[in-house]
Every structure is written in C-alpha cells, then in structure tokens.
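>>> Structure here, sequence nowhere to be found:
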C-alpha cells in the first residue's frame, strides 16, 4: 500500500516561512486544506502544492 507522507502544521509553517499560528489561521479561512486525524491537523504534499499554486500570481512590469 502506497500511503502519502503527512506533514505537521509546524513542518508546513517552516516550509512556507510563516508561523504555525498563520497556518491555523489559513485553515480556519479555508485557504489551505488539511486532514483532521483525531485532534491533530496533517497535510499531504498535494494539499501544500495546491495551496502554493493557488497563490501564484503573474507580475508584469512595464518599462
């Protein structure tokens, strides 16, 4: 059985360079999806990548 790796809120916060509190705020605002396992939140790699893709913006600079 191939199970996905699961990441803690702290690991995701470190990866995104934000605080753990920011991660929980993003969860409550439904900006990032997570799994609830018991009382704990966990993230799959796909959920993290989907969040990053949703936040990408294209900046066009004219000179």
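Alright, I've got the coordinates. Just so it is clear, the structure is predicted and the values come from calculations on it, not from any experiment.
>>> Name the SS class of the nearest residue to residue 9 once chain neighbours are set aside, please.
In space, and not counting its chain neighbours, residue 9 is closest to residue 23: 4.5 Å by Cβ to Cβ, 6 or more residues apart in numbering. In short, each C-beta sits where N, CA and C put it, glycine included. Per DSSP: H, G, I helix; E, B strand; the rest coil, the secondary structure class of residue 23 is helix.
>>> how about residue 23, what does it touch?
9, 12-13, 16, 32 (Cβ atoms under 8 Å, 6 or more residues apart in numbering).
>>> and it, how far is that from residue 60?
As judged by Cβ to Cβ, to the nearest Å, residue 23 and residue 60 stand 30 Å apart.
>>> which residues sit in contact with residue 62?
Taking Cβ under 8 Å, 6+ apart as the definition, residue 62 has no contacts.
>>> Can I take it that it is in a strand?
No - Residue 62 is assigned coil when assessed by three-state DSSP, not a strand.
>>> Following the longest strand along the chain in sequence, what is the next regular element?
Determined from DSSP state E, the single longest strand within the chain is strand 40-44. The C-terminal neighbour of strand 40-44 among helices and strands, as given by DSSP states H and E, is helix 45-55.
>>> Alright, that wraps it up for me.
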